[in-house]
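Student: Kindly generate the corresponding structure for this input.
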Amino acid sequence: MAVKRPANGLKFPAPFLASRRRGGVLWKAVGAEVASHVEREWFGSGPHRLILAFPRPEGLAARPHDPRPTDPARGLKILSGTLALDGGTVRIGADGDPFDTASPSRRFAVALHRFDWLPDLIAAGPDGARRALRLIDDWRRVFGKWNAFSWSAECLERRVFHLACAAKSLAQEGSDAEIADLLMDLARQGRHLIEIAKSPERVLERAVVAALAGCVLAGKPGERLIDKGLKVVARHIDLMVLPDGGHATRSPEAGVELLFDLLTLDDALGQRGRPSPEALSRAIDRLSTAARFFTLGDGHLAAFHGGEAIEQRRIAAALAHDDAGPRPLNVAPHSGYHKMVGGSLEVIADAGRPPLGPLSVAACAQPAAVEIVCAKDRLITSCGWSPEAAGAHAFRLSDAASTVSVGDGSAGRPLSGFRARTLGPWLVDGATKVEAKRHDDVGGVWLDIVHDGWRHLGLTHARRLFLDAVNDELRGEDSLVPLAADPGAAQGPRRYLPFAVRFHLHPEARASIARDGRSVLIRGPNNIGWWLRNDAVDVEIAPSAHFDHGLARKAGQIVLKSQARPEVGAKIRWKLTRAEG
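Tutor: Modelled structure (predicted):
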């Protein structure tokens with residue numbers, strides 16, 4: 001079966017996508033800077049704040065349930081005076097104000113203003129709700145009217161979501177004045193959220209959250225916000241949720257997080273007595289199917305394009321509503337992924353082109369990357385970069401995944417400088433053509449992936465994989481193939497490029513090179529050994545990193561080395577097979 005994935009599988013309006021010419025990106029950056037300045041001036045103005053305040057909220061209605069797991073123990077820590085968020089910790093005491101305290105990092109500040117602490121604090125019981133009310137009041141005194149950072153799309157979307165889900169619990173412990181302030185906070189911020197134009201890759205998520213806030217607000221003010229939010233949802237949901245259930249950013253984690261939001265909105269609409277739009281129900285079904293597809297044998301999610309391998313209980317919570325059970329899918333053609341399963345081996349491969357424009361702000365230049373689970377141990381993975389790892393964009397390049405790297409370059413790169421500040425760190429110069437051919441039979445699965453991500457070096461990368469279900473082994477062949485050249489062109493001096501096939505190890509996997517200097521023995525937590533045999537010129541075990549919630553953990557990587565001449569190409573063959581004994 002042949003699968004050829006079109007560009008993103010999407011048909012966005014022209015302004016949504018970036019020109020592949022560098023000049024086109026620059027002009028878009030200039031336009032985005034001007035638009036952003038105008039938007040900031042308007043959002044901070046008195047007339048805009050006045051518009052957000054009316055009509056006045058009338059009361060509370062729905063009590064949405066967010067299926068995401070909470071941690072009451074973290075809420076109890078906040079009650080004891082310790083606030084830990086995204087790798088940073090601040091000691092605020094039992095009644096301290098974290099908004100009047102220097103944050104240890106920008107990541108901490110973003111999580112603080114997103115109110116990421118609120119679900120765990122509510123889970124700690126009535127004392128947690130009362131402490132949350134005081135923290136919200138602390139925030140409101142300084143940032144309640146307007147602040148460019150706190151009211152940015154980055155912070156506002158999650159804050160409105162958390163406030164909407166916690167509103168009823170907070171109201172049970174609040175005074176009439178505190179409830180009135182809470183209602184006004186939710187109304188103003190929900191109305192502002194629907195107006196934000198920046199970060200168009202999250203327009204669907206913002207609309208879902210705005211509609212959710214409308215469900216929580218009683219009467220006509222709530223109904224108006226629901227209608228506005230659902231109108232935007234209707235325009236974008238089938239663009240962002242692909243027919244196979246993948247997210248348009250090609251991030252498996254983004255799909256699971258959107259599934260959580262849609263489930264919460266579906267619950268809230270039901271409480272308001274409004275039927276969920278058919279498109280929303282279809283999207284929930286598709287996203288659920290994709291979540292099962294991207295969940296590997298170790299119980300964690302595949303980590304591609306800015307998504308991490310999220311924990312098992314989070315995936316279980318996302319799928320708790322779905323009693324249909326696993327679907328026998330092995331290809332996500334619109335998302336651009338293939339899964340190969342046989343014996344005790346499981347492989348998932350990126351066989352699609354990177355997203356374009358705003359959809360690529362978290363994309364990685366790692367075509368044909370694989371993750372491999374052996375006997376339920378994830379041995380081969382990627383660095384697992386996510387946007388939480390702020391400033392670590394080097395891990396989005398080709399050598400940070402289990403794929404091929406050539407020379408010191410990459411099959412694509414994130415924007416930097418002025419263009420990145422205004423547009424976001426879009427991925428540019430990536431593969432433009434990725435083709436995959438697959439054949440399944442009783443003995444195993446063949447998968448061929450070819451892409452042009454190395455066209456700037458005059459090469460294409462062809463990765464051939466065969467999962468032998470009979471012998472329980474995976475064979476691979478990575479070839480660099482010269483692009484068609486002009487026969488009459490003058491021949492220059494021979495040029496050799498370093499060529500490597502990388503296998504990044506999970507932090508819990510360990511590897512050692514055998515006496516022959518080539519074969520590598522890999523073991524995971526279950527202590528089952530696997531041999532990686534190959535015909536590379538040289539083999540090295542080098543340090544690497546693996547990101548978990550944006551924090552780097554020490555890991556290793558196996559590097560199979562050779563050299564390639566652009567006019568001739570090169571090839572490295574390898575085989576992963578179970579060690580005896």
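Student: any weak-confidence spans in this protein?
Tutor: Applying pLDDT under 70 to the chain flags residues 1-23, 324-328, 485-493, 581.
Student: Could you pick out the longest strand of it?
Tutor: Counting by DSSP state E, the longest strand found in the chain is strand 551-564.
Student: now for that strand, which elements pack on it?
Tutor: Here strand 551-564 touches strand 497-505, strand 510-513, strand 538-548, strand 570-578, going by 3 or more C-beta pairs under 8 Å, 6 or more residues apart in numbering; DSSP states H and E. (Glycine included, C-beta is placed from N, CA and C.)
Student: Return the most buried member of those strands.
Tutor: strand 497-505 (a mean of 23; mean count of other C-beta atoms under 10 Å).
Student: Could you pull up phi and psi at Glu178?
Tutor: phi -70, psi -40 (degrees, to the nearest 10).
Student: Next, find the distance separating it from Val537.
Tutor: 70 Å (C-beta to C-beta, to the nearest Å).
Student: Those two: who's more crowded?
Tutor: For Glu178 versus Val537, neighbours defined as other C-beta atoms under 10 Å are more numerous around Glu178 (17 against 13).
Student: in this structure, which spans are helices?
Tutor: Along the chain, the stretches classed as helices by DSSP state H are 22-43, 46-52, 72-79, 106-113, 118-123, 126-143, 153-173, 176-193, 203-216, 219-240, 252-271, 278-294, 312-319, 417-423.
Student: now those helices as TSV including distance to Trp530?
Tutor: Below are the helices of the chain laid out as TSV (distance: least, C-beta to C-beta, whole Å):
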stretch	distance to Trp530
helix 22-43	43
helix 46-52	58
helix 72-79	37
helix 106-113	36
helix 118-123	39
helix 126-143	46
helix 153-173	40
helix 176-193	49
helix 203-216	40
helix 219-240	38
helix 252-271	24
helix 278-294	23
helix 312-319	23
helix 417-423	40
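Student: Just name the most buried of the ones you listed.
Tutor: Mean neighbour count, computed with mean count of other C-beta under 10 Å, is highest for helix 203-216 among those, reaching a mean of 27.
Student: Who are the packing partners of it?
Tutor: Other helices and strands packing on helix 203-216, by 3+ C-beta pairs under 8 Å, 6+ apart, are helix 153-173, helix 176-193, helix 219-240, helix 252-271.
Student: other SSEs contacting the shortest one?
Tutor: Spelled out, that is helix 176-193. helix 46-52, helix 126-143, helix 153-173, helix 203-216, helix 219-240.
Student: re the thing from before, identify whichever of the helices and strands packed on helix 203-216 lies nearest to Leu356.
Tutor: helix 219-240 (12.9 Å; C-beta to C-beta).
Student: Next up, the contacts around Arg314.
Tutor: If you count contacts by C-beta atoms under 8 Å, 6 or more residues apart in numbering, Arg314 has them with 68-69, 256.
Student: Would you check how far apart it and Gly299 are?
Tutor: Applying C-beta to C-beta, the value for Arg314 to Gly299 is 10 Å.
Student: So what touches stretch 169-186?
Tutor: Residues outside stretch 169-186 that contact it (C-beta under 8 Å, 6+ apart) are 53, 56-57, 59-60, 63, 122, 126, 129-130, 132-133, 136-137, 140, 144, 160, 163-164, 167, 213, 216-217.
Student: That's all I had, so thanks and see you.
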